[in-house]
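1. Here's a sequence, model it:
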Amino acid sequence: MKSFRIITRRVSILLIVNMLAIPLYSADPPGKKVKQAKVSRQSDGPIVETNVKWHKIGTLWQRLTNYGKHGDDAYENRTPSCDWPGGSGNSYLYRGSLWLTAEVDGEYHSSMVEDAEFSPLDSVHVITGEDAVSEEDTYTRYYDVKAPEANDHTPLGLEVTERTYAWSESFRDDFIIYEYTIKNVGIDTDDDGYPDMQRDLNNFYFTFRMDGDVSKLPNWAAESKFSNQDDLGCCNANWDWIDLFPIWQGVDHGLSDADADSSMMFMWDGDNPYYPADNGEDDDTGNPGPDGTLQTPGFLGYRILKTEPASFKVSSFHQNHIYNDPATDKEAYERMMKPEVFEGPVLQAGIPFPYDYRAILSVGPLATLAAGDSVVVTAAIGVGCDPVHGKLESLKELVRIMNVAKTLVDADYQLENLAAPAPGLEVTEHVVEGVGQGVEVIWDNVPEQHGNFQGYRVWKSADKTASGAFDWQPLGLGSYFDTTGSVSWPPPSSGIPGYYRIIDTDVINGFEYQYSVQTVSYDETFGTMESNVLTNLVSISPANPVATDLDNIKVVPNPYIGSAAWNNPIPSDADAWEHRIQFTNLPADASIKIFTLDGDLVDEIVSGEIAKKSTSFVSEGSASVAEWDLITRNDQDAAPGIYIYVVESPSAGTKVGKFVIVR
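-> Numbers count the residues shown, from 1 in each chain. Take a look at the predicted model:
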């Protein structure tokens, strides 16, 4: 077992909020022709404009860049950044950063994401279908040969080809695999952006810096006691550090010595000793909400899965905090790479001290990275989570999913399609004699052709949990299994061969509901596997058919109350809307003008317009409904008070009414 040193650095108690085009020398990805992106400045040679894409197919959603940064560190309008579960807006990663370090002429220099020392050479390309290794691959390239946005940059002459692999099946949807091919291409001596002088690099290191901020809901401040002020970090050199926590001393954690190989670092939400939990408990590990539900239950992890050459091994794990980031390349090397130790949690008075840490894992040194040679580092980033228990149960889940990631890499991704695909799903309003009577959920039986198919799980959500995830509840019997002795098979027939149907009558027109049908499969190696619940998720806000008169127009809810369950308390990338009211039972040609009592025009909407503007999962608005997002035509929040509305329909006439807003 590797030596393990507990760092007892004195950390001050700080409660301050921090204000604080493709080059000719590189190949295209296999199976896909890559177009050269537009060059931003002629003098920059092969450098192209920055570009981002997203993995949103699994339970882990992640932003990908073409300049070495992992995730999205924006303070406002953030997009998925190791969001778990996908679509919740609950971010586990503030920023992940690549550091590459080597000795040049007796001095150590690092190329770092934070210092803008990587420049993009290609866009981020998304690859699916037969050309993909996984369910969804990405490919991009960047280098440090020339970095126009950096200051005092000493290039090492390295080009990075980055590939990522993501899946939606339940046994491999909580992580994303990154493959970095790092080539010594040489330096640029005439400032045209192209390498023209070859040289060897000595004592080469690969380092990943993980600034977790575990975790961050969209409605929390960017710098918050809930997110970045109470992190903890460690690595899997051994599990002795667990006994440093009074609540875990003597606990049979179930983690084995075989899982302690120093290959993985992780961060989690610890107990901020200066704040109780929202439910009044002293220990706020995992951020229990007012009802005790954990809002930050998971562990964020990064594991080195494979290196080429194999002698290029993980050598250290270090931590620093928000106020002592390395200021120079030399300091980064001296503090974060050179000492070959695996630090435990930072201690104060003998107890792990939560704070805004950065976890830093290094591989190396490689004695010589010769001119023209490459190294390959394959790693996975993921979130392991037991949503109910959190804490060590989530750590065990992280270890489990990272072992699956390593199994995939060791098998060179050559695993057959082990799980049945999700079925095609259609969700529509159930109308009887012109009146909405519920929602029809219809799915096909195509997954039953797969040899490992076992059954379906049918879900409905009408709310979100404290962590921002959809609150899934079984619909109908919930589970329908085609197995020996099952009394639930087959699911209810739709009357059409090859399709099943459930009619959900427990709905209220105007409220939003989500539906999903998962397939369940079984494999002897990976056990029970479920398709991702988000794969075929459909949202619907049921409504009556279009009206031919104005007799039954309603404003829902009236009065509007800002704290009601009708609203969306946790806006996110998937559900960006926050407030809305509906005008229902409209003709298809209706328009609605909204006025103050003084007669000032506030806004105007039309039939079929919806307020739930989002990037995913929103069904089409009904022509009998118009929604208003409570934002005035001057882009201001509507004030509390009484409002007048005027409905005008060329086919049905005019109607005037009132509604009330209570904030």
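2. Model confidence score at Leu14, please.
-> With respect to pLDDT, Leu14 scores 35.
3. can you pull the contacts of Ser374?
-> The contact partners of Ser374, taken as CB atoms under 8 Å, 6 or more residues apart in numbering, are Thr181, Ile182, Lys183, Asn184. All C-beta atoms are positioned from the backbone trio N, CA, C, and that covers glycine.
4. Tell me what it is bridged to.
-> Lys183 (DSSP bridges).
5. cool, and Val555?
-> Applying DSSP bridges, one finds that Val555 bridges with Phe583.
6. before we move on, what about Phe470?
-> Lys464.
7. Local confidence estimate at it?
-> 87.
8. ditto for the one 4 residues further on
-> Reading off the per-residue confidence, Pro474 sits at a pLDDT of 97.
9. same thing with the one 10 residues further on?
-> Among the per-residue scores, Thr484 holds a pLDDT of 88.
10. Are we agreed that it is in a strand?
-> No - the assignment for Thr484, made by DSSP: H, G, I helix; E, B strand; the rest coil, is coil rather than a strand.
11. give me phi/psi at the nearest residue to Pro218 once chain neighbours are set aside?
-> Of all residues not flanking Pro218 in the chain, Gly89 sits nearest, at 4.2 Å (CB to CB, 6 or more residues apart in numbering). With angles defined as degrees, to the nearest 10, Gly89 sits at phi 80, psi 10.
12. Surely Gly89 is in contact with Ala576?
-> No - contact criterion CB atoms under 8 Å: Gly89 and Ala576 do not qualify, at 9.0 Å.
13. between those two, which one's more packed in?
-> Remark: of Gly89 and Ala576, Gly89 carries more neighbours, 26 against 17, as counted by other CB atoms under 10 Å.
14. Distance of that one relative to Thr368?
-> Relative to Thr368, Gly89 is positioned 46 Å away (CB to CB, to the nearest Å).
15. number of nearby residues for Asp252?
-> Neighbour tally, Asp252, other CB under 10 Å: 6.
16. Let me know the pLDDT of it.
-> In this model, Asp252 carries a pLDDT of 89.
17. what about Asp523, neighbour count?
-> Neighbourhood size, Asp523 [other CB under 10 Å]: 15.
18. Give the bridge partners for it, please.
-> Gly527.
19. so what's it up against?
-> Applying CB under 8 Å, 6+ apart, the residues near Asp523 are Leu418, Ala419, Asn452, Met529.
20. Hmm, the second one is touching Pro447, no?
-> It stands for Ala419. No - the criterion here is CB under 8 Å, and Ala419 misses it with Pro447 at 9.0 Å.
21. who touches both of these two?
-> What both Ala419 and Pro447 touch, as defined by CB under 8 Å, 6+ apart, is the set Thr519, Ser531.
22. Going by how many neighbours each has, rank these two and give me the top one.
-> Applying other CB under 10 Å to Ala419 and Pro447 shows that Ala419 carries more neighbours, namely 27 against 24.
23. On the three-state scheme, that one is what?
-> Criterion first, three-state DSSP; result for Ala419: coil.
24. And for Phe312?
-> coil.
25. Relative to Ala652, how far out is Val133?
-> Val133 is 57 Å from Ala652, by CB to CB.
26. If you could redo that for Ile247, that was the one I meant.
-> In this structure, Ile247 and Ala652 are 65 Å apart, going by CB to CB.
27. that older thread, Val363: which of the contacts of Ser374 is nearest?
-> Ranked by distance to Val363 (CB to CB), the contacts of Ser374 are led by Ile182 at 10.6 Å.
28. Could you give the number of residues near that closest one?
-> As a burial measure, Ile182 scores 22 neighbours (other CB under 10 Å).
29. for Val375, same thing?
-> 21.
30. pretty sure it is in contact with Phe206, am I right?
-> Yes - counting by CB under 8 Å, Val375 does reach Phe206; the two are 7.1 Å apart.
31. list the residues that contact both of the two?
-> Ile182, Phe312.
32. Adding distance to Pro354, write the contacts of Asp523 out as JSON lines.
-> Below are the contacts of Asp523 laid out as JSON lines (distance: CB to CB, whole Å):
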{"residue": "Leu418", "distance to Pro354": "39"}
{"residue": "Ala419", "distance to Pro354": "38"}
{"residue": "Asn452", "distance to Pro354": "43"}
{"residue": "Met529", "distance to Pro354": "36"}
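33. okay, among the residues you listed, which ones form the most distant pair?
-> Longest span within those, CB to CB: Asn452 and Met529, 7.6 Å.
34. any low-confidence regions in the chain?
-> Judged by pLDDT under 70, the chain has its weakly predicted residues at 1-43, 563, 565, 569-570, 573-575, 612-621.
35. can you give me the helices for it?
-> With helices called from DSSP state H, the chain shows them at 329-336, 391-410.
36. Next one: the closest residue to Asn417 other than its chain neighbours from Gly86, what distance?
-> Among residues not flanking Asn417 along the chain, His450 sits closest, at 7.7 Å (CB to CB, 6+ apart). Distance of His450 to Gly86, given as CB to CB: 23 Å.
37. Looking at those two, which one has more neighbours?
-> Between His450 and Gly86, counted using other CB under 10 Å, the more crowded position is Gly86 (27 against 15).
38. Pretty sure the more buried one sits against Trp61.
-> Yes - using CB under 8 Å, Gly86 is in contact with Trp61, at 4.0 Å.
39. got a list of what Thr181 touches?
-> Applying CB under 8 Å, 6+ apart, one finds that Thr181 lies in contact with Val160, Thr161, Arg163, Ser374, Val375, Val376.
40. and what of Ser572?
-> Asp83, Gly87, Ser88, Gly89, Asn90, Pro218, Gly468.
41. circling back: anything in contact with each of Asn452 and Met529?
-> Going by CB under 8 Å, 6+ apart, residues that sit against Asn452 and also against Met529 are Leu418, Ala419, Ser521, Tyr522, Asp523.
42. of those, closest to Val656?
-> Nearest to Val656 among the shared contacts of Asn452 and Met529, with distances taken as CB to CB, is Ala419, at 56.5 Å.
43. what about the closest residue to Asp144 other than its chain neighbours, neighbour count?
-> Excluding its sequence neighbours, the residue lying closest to Asp144 (CB to CB, 6+ apart) is Ser111, at 3.8 Å. For Ser111, the count of nearby residues is 27 (other CB under 10 Å).
44. Between Asn452 and Met529, point out the one with more neighbours.
-> A direct count of neighbours by other CB under 10 Å for Asn452 and Met529 places Met529 higher, at 21 against 18.
45. Quick check: which of the helices of the chain is nearest to Lys56?
-> helix 391-410 (18.1 Å).
46. Give me the residues contacting the closest one.
-> 171-172, 174-175, 177, 236, 242, 248, 251, 253-255, 259, 264, 266, 268, 285-286, 297-299, 301, 303, 305-306, 378, 380, 382-386, 415, 526.
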